[in-house]
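Peer 1: Got a sequence here, can you model it:
(one chain, ligands or ions: 2)
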Amino acid sequence: MSSTHAGTAEATGTAQSAGDDVVFSVRNLWKVFGPKAEKIPGNAEYADLSVEELRARTGCTAAVRDVSFDVRKGEVFVVMGLSGSGKSTLVRCLTRLIEPTSGSLAIDGEDVLAMDKGRLRELRRHRAAMVFQHFGLLPHRTVLDNVAYGLEIQGMGKSERRAKAAEVVAKVGLQGLENRRPGQLSGGQQQRVGLARALAVDPEVLLFDEPFSALDPLIRRDMQEEVCRLHDEEGRTMVFITHDLSEALRIGDRIALMRDGRVVQMGTPEEIVGSPADDYVRDFVRDVPREQVMTARTAMRPPVGDEAEQGASVAPGVTVSEAIEAVVRTGGVVRVVDNGRCLGVVDHQGLLAVVAGLGADFPAATGATGTSAGAGVPRPDAATGTTGEVIPA
Ligand SMILES: Nc1ncnc2c1ncn2[C@@H]1O[C@H](COP(=O)(O)OP(=O)(O)OP(=O)(O)O)[C@@H](O)[C@H]1O
Ligand SMILES: [Mg+2]
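Peer 2: Residues are numbered from 1 along each chain as shown. Ligands and ions are numbered 1, 2, ... in the order given. Predicted coordinates for the structure are as follows:
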């Protein structure tokens, strides 16, 4: 997880009001495949049926069931779930590549369901670009022309679009390969072309449907870092589908976890790992290395005596793993400081409790104690001789 991601620990999965910072706003969205599909949404008779029971009773598959969420500007919103849980259907509904059965859907406050063909085309070409798992490249075109393809469709002139494409090719690290054809590239390189093609049109949102699942683990890691970099440097809004939990935790600001067409939990990686909504989610996140997801904010307790006054400090968004390092280095209690304010302290016991999954029982001290003069300023720690440096989130 990048530093920027760690800094969003205060984000919650529950915001339901469409404000200025909302790109996609989705409310009570349903997609039902099958005969008389429109009779299923909101029908109490079918509400509690499993996907299989519903299919047996009606012949319909409810791929997306009553899903609501907002995608905020600049966030990486991950949709995660097992195969068949409805991820692709949901994301395709966002630009109406699949027509929703019912519900409402807006981009920047504009009703997507009311868009005519021209407006929809504009949405898909300029505002929300899709990156697919199998790249979807044109085999007989060069890398450069593949990347320029979206611009060509937009009607941009040849020299202008090639110049723009060359810029984006360089941005995703493909310099020197401009004149190759897709068949002459590795899987990872092909996916970079797919990413560059989506980026070339400078879309407001990038939609990724399991873009890296065909890549081997090292290249996959590279591409995940590429996504985090794009997010950190350009603040691009992204909706990212994956069935891989570690990928979701690494790149997501917020995650919507889907099961049988429903969102069973939505929240930050820390919320999902730290407070699973039900046994299904708990089982899903059981093997996650908690110290890499949970933060000092969760592990801290109120300071006792003069603990708030001195010693090393960390930012509230650092991982428990980083906080452990700070505690080991200083040999004692480390303050959790935000903008010069001491929020609490972390020690061996609190950090181990989080690693052991006992975090919820441990007394947290969100915003507990007041300020202390000079808090957050590096000081020498008399006991250990180390400097009380601040580890930024
Ligand atoms: N055109 C269709 N007609 C009927 N059922 C469909 C159609 N498309 C998808 N489904 C069903 O909807 C459900 C959700 O499918 P979807 O492709 O959205 O799942 P997914 O989470 O993307 O899975 P995967 O991880 O395998 O890609 C599945 O049960 C699938 O069989
Ligand atoms: Mg899919």
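Peer 1: For the nearest residue in space to Val22 that is not next to it in sequence, give the beta-bridge partners.
Peer 2: Setting aside the residues directly before and after it, Val22 is nearest to Asp70 in space (C-beta to C-beta, 6 or more residues apart in numbering), at 4.6 Å. Placement of C-beta: from N, CA and C, glycine included. Beta bridges link Asp70 to Ser25 when assigned by DSSP bridges.
Peer 1: thought Asp70 was touching Ser25?
Peer 2: Yes: using C-beta atoms under 8 Å as the test, Asp70 is close enough to Ser25 to be in contact (5.2 Å).
Peer 1: still on that earlier bit, what number of residues lie near the residue nearest to Val22?
Peer 2: Look at Asp70: counted by other C-beta atoms under 10 Å, it has 23 neighbours.
Peer 1: Equivalent analysis for the one 4 residues further on, please.
Peer 2: A count of nearby residues for Gly74, using other C-beta under 10 Å, gives 16.
Peer 1: Is it in a helix, a strand, or coil?
Peer 2: At Gly74, secondary structure determined by DSSP: H, G, I helix; E, B strand; the rest coil is coil.
Peer 1: That one: what's it in contact with?
Peer 2: Each residue near Gly74 by C-beta atoms under 8 Å, 6 or more residues apart in numbering is listed here: Asp21, His231, Gly235, Arg236, Thr237.
Peer 1: what mean pLDDT does stretch 357-368 have?
Peer 2: Rounded to a whole number, the mean pLDDT of stretch 357-368 is 52.
Peer 1: again with stretch 161-181
Peer 2: Per-residue scores along stretch 161-181 average to 92.
Peer 1: go on, stretch 327-343?
Peer 2: Average pLDDT, stretch 327-343: 94.
Peer 1: Just the CA coordinates for it, please, in CSV.
Peer 2: C-alpha atoms of stretch 327-343 as CSV (Å, rounded to 0.1, in the frame of the first residue of the first chain):
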residue,chain,number,x,y,z
VAL,A,327,8.8,0.7,19.0
VAL,A,328,11.6,-1.8,18.7
ARG,A,329,14.1,1.0,17.7
THR,A,330,13.2,3.2,20.6
GLY,A,331,12.7,0.3,23.1
GLY,A,332,9.5,1.7,24.6
VAL,A,333,6.4,3.7,23.9
VAL,A,334,5.9,5.6,20.7
ARG,A,335,3.6,8.6,20.4
VAL,A,336,1.0,8.7,17.6
VAL,A,337,1.1,12.3,16.4
ASP,A,338,-1.1,14.0,13.8
ASN,A,339,-0.4,17.6,12.8
GLY,A,340,1.5,18.2,16.1
ARG,A,341,-1.3,16.7,18.2
CYS,A,342,-0.7,13.5,20.2
LEU,A,343,-3.6,11.2,19.6
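Peer 1: on that earlier part again, what distance do you get for the residue nearest to Val22 to ligand 1?
Peer 2: For Asp70, the distance to ligand 1 equals 20 Å [C-beta to the nearest ligand atom, to the nearest Å].
Peer 1: So for that residue, what pLDDT did the model give?
Peer 2: For Asp70, pLDDT reads 97.
Peer 1: One more: Ala9?
Peer 2: pLDDT recorded at Ala9 is 35.
Peer 1: just Leu218 next, same as before
Peer 2: In this model, Leu218 is scored at 83, pLDDT.
Peer 1: returning to that earlier point: please report how far the residue nearest to Val22 lies from Gly357.
Peer 2: To Gly357, Asp70 is 30 Å away according to C-beta to C-beta, to the nearest Å.
Peer 1: Check Arg124 too.
Peer 2: Taking C-beta to C-beta, one finds Arg124 at 44 Å from Gly357.
Peer 1: between those two, which one's more packed in?
Peer 2: The residue with more neighbours, out of Arg124 and Gly357, is Arg124; 18 against 14, by other C-beta under 10 Å.
Peer 1: residues contacting the residue nearest to the more buried one when sequence neighbours are not counted?
Peer 2: With C-beta to C-beta, 6+ apart as the measure, Thr95 is the residue that lies nearest to Arg124, at 5.1 Å, once sequence neighbours are left out. The contact partners of Thr95, taken as C-beta under 8 Å, 6+ apart, are Val112, Leu120, Leu123, Arg124, Ala128, Met130, Leu207.
Peer 1: Inside strands: which ones of these?
Peer 2: Ala128, Met130, Leu207 (DSSP state E).
Peer 1: In which helix or strand does Val263 reside?
Peer 2: For Val263, the element it lies in under DSSP states H and E is strand 262-267.
Peer 1: gap between that strand and the chain center?
Peer 2: 13 Å (C-alpha atoms, centre = their mean, to the nearest Å).
Peer 1: do you know how far Ser186 is from ligand 1?
Peer 2: For Ser186 relative to ligand 1 (C-beta to the nearest ligand atom), the value is 23 Å.
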